[in-house]
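A.B. asks: Quick one, fold the following:
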Amino acid sequence: MNWNDVRYFIAVTRHGGLTGAARAMKASPSTVARRIETLEVALGTRLFERRPDGYELTEAGQGMVEKAMAIEAAMHEMEDGFRGRDGRVSGTVRVVTVDTLAHHLLIPNLPALQDAYPDLSLGVAVNATSFAEHPQRESDVGLRLCRPEHGNFVIRRIGAIGFGLYASKDYLARHPVRENQLPIAGHRLITWGNPLTFIALPKTLRSWVESGVANLTVDSMPAQMLAMKAGNGLGVLPCILADAEDQLVRVKPDLCRQEEGIWLVVHEAVRDTKRIRVVCDFLEAIVKQGQPALSGQAA
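C.D. replies: Here you go, the predicted model:
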């Protein structure tokens, strides 16, 4: 078995077909197909089902993915250890996170990482689903608000994000909150419809506010924000997002405040690779630096 053929197998697995794999490997699709066929002959088994919409792993192929990824990670680690000692870090790291952390923390800070490591390529996927549901071919590092309960990961809590109860100035002018104790009653509510991303939000809202007279359910953070700014009712938002909006007011901040952990999640197979360590250190640093705003305690 030729290691270069395994590299083509990994590329097809990552990209789901010949075109993406050929682009990644800087080869023609016919070359990729020939490499896969050579590997299958060497192993005596079929690794992919050829379908009109791409290549789908067979059971044997699925069994080979983790082993091939581990070999790839070991090769990268060896390259990192024996490459020139000039501090260069290269390769691609794929980060999966949620929109609030991507838009308000990760992406605004990326120029510092790119300036320090110009040969490092970073892919950012904004995705609501659990990091544990992403195969390693699609993600290396997760910056999540829900701790994965299964999978071969190294998991560390690196900070916290604060949530508060918010409404628009216009809504509060029409429906003032007079209670000085919980639960708050008699208000329209904007509820969160995607527990995979912010699993604590529905529970938190129920603990602060009694069932409203006309609920609105949304399944994205931008929709939540727009609904609140439009005056649809009370809802829970991350402080780092809502505190920057002039149209929104934090309701009873002394009573209505909740913190949830920010989790750094890394696939076990790549944890010791230099480029992964660099990105993890960067993520931990920006979370620490942004902690006052994340927690809703910024001046």
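A.B. asks: what sits against the closest residue to V6 other than its chain neighbours?
C.D. replies: Using Cβ to Cβ, 6 or more residues apart in numbering and skipping the chain neighbours, the partner closest in space to V6 is A68 (5.4 Å). No exception for glycine: its C-beta is placed from N, CA and C like everyone else's. Applying Cβ atoms under 8 Å, 6 or more residues apart in numbering, we find A68 in contact with V6, F9, I10, T13.
A.B. asks: Which one (most neighbours) among those?
C.D. replies: Comparing these by number of neighbours (other Cβ atoms under 10 Å), F9 comes first, having 25 neighbours.
A.B. asks: So V287 versus K26, what's the distance?
C.D. replies: Going from V287 to K26 by Cβ to Cβ, to the nearest Å gives 36 Å.
A.B. asks: When these two are compared, which one has more neighbours?
C.D. replies: V287 (21 against 7).
A.B. asks: In three-state terms, label the residue nearest to V6 for me.
C.D. replies: Following DSSP: H, G, I helix; E, B strand; the rest coil, A68 is assigned to helix.
A.B. asks: Quick check: which ranges of the stretch 151-299 of the chain have low pLDDT?
C.D. replies: Where the stretch 151-299 of the chain drops to pLDDT under 70, the residues are 194-202, 212-214, 298-299.
A.B. asks: all helices of it, in order?
C.D. replies: Using DSSP state H, counting those that start in this stretch, the helices of the stretch 151-299 of the chain run over 169-174, 201-208, 221-229, 239-242, 274-289, 291-295.
A.B. asks: Among those helices, which comes closest to V249?
C.D. replies: Nearest of the helices of the stretch 151-299 of the chain to V249, taken as Cβ to Cβ: helix 169-174 at 5.7 Å.
A.B. asks: Please parse the chain into its domains.
C.D. replies: The chain is divided into the following domains under automatic domain parsing: 3-82, 84-299.
A.B. asks: Leaving out chain neighbours, which residue sits closest to D5?
C.D. replies: Per Cβ to Cβ, 6+ apart, closest to D5 is L39, 4.0 Å.
A.B. asks: Same check on E259?
C.D. replies: Per Cβ to Cβ, 6+ apart, closest to E259 is A160, 4.5 Å.
A.B. asks: One more: D53?
C.D. replies: Leaving aside its sequence neighbours, D53 sits nearest to G17 (Cβ to Cβ, 6+ apart; 7.8 Å).
A.B. asks: Give me the neighbour count for the one you found.
C.D. replies: G17: 17 surrounding residues under other Cβ under 10 Å.
A.B. asks: can I assume it is in contact with Y55?
C.D. replies: Yes. Applying Cβ atoms under 8 Å, one finds G17 in contact with Y55, separated by 5.3 Å.
A.B. asks: Overlap of the contact sets of these two?
C.D. replies: By Cβ under 8 Å, 6+ apart, no residue touches both G17 and Y55.
A.B. asks: quick check: longest strand of the protein.
C.D. replies: Among the segments of the chain that qualify as a strand by DSSP state E, the longest is strand 153-168.
A.B. asks: can you pull the buried residues of it?
C.D. replies: In terms of neighbour count (16 or more other Cβ atoms under 10 Å), strand 153-168 has its buried residues at F153, I158, G159, I161, G162, F163, G164, L165, Y166, A167, S168.
A.B. asks: sorry, back to before: give me the packing partners of the strand or helix carrying the residue nearest to D5, helices and strands only.
C.D. replies: Using DSSP states H and E, L39 sits within helix 29-43. Helix 29-43 sits against helix 3-15, helix 18-25, with contacts defined as 3 or more Cβ pairs under 8 Å, 6 or more residues apart in numbering; DSSP states H and E.
A.B. asks: The shortest one packs against which elements?
C.D. replies: What that stands for is helix 18-25. Helix 18-25 packs on helix 3-15, helix 29-43, going by 3+ Cβ pairs under 8 Å, 6+ apart.
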